[in-house]
Structure formats: C-alpha cells, structure tokens
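1. Based on what follows, work out the 3D shape:
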Amino acid sequence: MNDKEKLDAAIFLLKSARKQLELPYYKVNTTRYRDEIKEARRLQADVLRESNTLWKRLKQSNN
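-> Have a look, this model is predicted:
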C-alpha cells in the first residue's frame, strides 16, 4: 500500500467510526469503533514513519 492509499484508508476508517457515534448508544459496536480508530492511527503512523525515514535519507544524500 502506498502512502496515499494508507491515508485514504485511515480517513475512511475515521469516517466509519464517526458514523458509529451517530447511532443510539445501545446500537454502537464499541469493539468495532475502537478497532477502526486503532487501525486508522496505525496507518497514519506508518505514513509518518516512512516520511521521516525518507527525509533522513534525503538529508544524508545532500551531505
């Protein structure tokens, strides 16, 4: 998965989690809600980690 796909998936998961909040409390699947947020955060962290590594490599190549 490239960075754009990861961010798109993270956005989709966060939107899905937000829709859960619009439901009445007794219909909210809390496990799914937590899992969607965790996965979205993991995808975002992957993108940030990879971009940080890329910046370090670019910085080293310029020296």
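2. buried set for the helix or strand of the chain with the lowest mean pLDDT?
-> Lowest by mean pLDDT, DSSP states H and E among the helices and strands of the chain is helix 30-62, with a mean of 86. For helix 30-62, burial by neighbour count (16 or more other Cβ atoms under 10 Å) applies to 33, 36-37, 40, 43-44, 47. From N, CA and C alone the C-beta is placed, and that goes for glycine too.
3. Equivalent analysis for stretch 15-24, please.
-> 17, 20.
4. Let me see the residues that make contact with that stretch.
-> With contacts defined as Cβ atoms under 8 Å, 6 or more residues apart in numbering, stretch 15-24 is touched by 28-29, 32-33, 36-37, 40.
5. And stretch 36-52, by the same measure?
-> By Cβ under 8 Å, 6+ apart, the surrounding residues in contact with stretch 36-52 are 3, 6-7, 9-11, 13-14, 16-17, 20.
6. Let me know the closest of the residues you listed to residue 59.
-> Using Cβ to Cβ, residue 3 comes nearest to residue 59 of the contacts of stretch 36-52, at 18.8 Å.
7. got the contact list for the closest one?
-> Going by Cβ under 8 Å, 6+ apart, residue 3 touches 47, 50-51.
8. what separates it from residue 35, distance-wise?
-> According to Cβ to Cβ, to the nearest Å, residue 3 and residue 35 sit 22 Å apart.
9. helix/strand/coil for residue 12?
-> Three-state call for residue 12 (DSSP: H, G, I helix; E, B strand; the rest coil): helix.
10. Which residues are in contact with residue 34?
-> By Cβ under 8 Å, 6+ apart, no residues touch residue 34.
11. The same query, at a cut-off of 10 Å, please.
-> By Cβ atoms under 10 Å, 6 or more residues apart in numbering, the residues touching residue 34 are 17, 20.
12. That one and residue 44: what is the separation?
-> 16 Å.
13. Then residue 3?
-> If you go by Cβ to Cβ, the gap between residue 3 and residue 44 works out to 10 Å.
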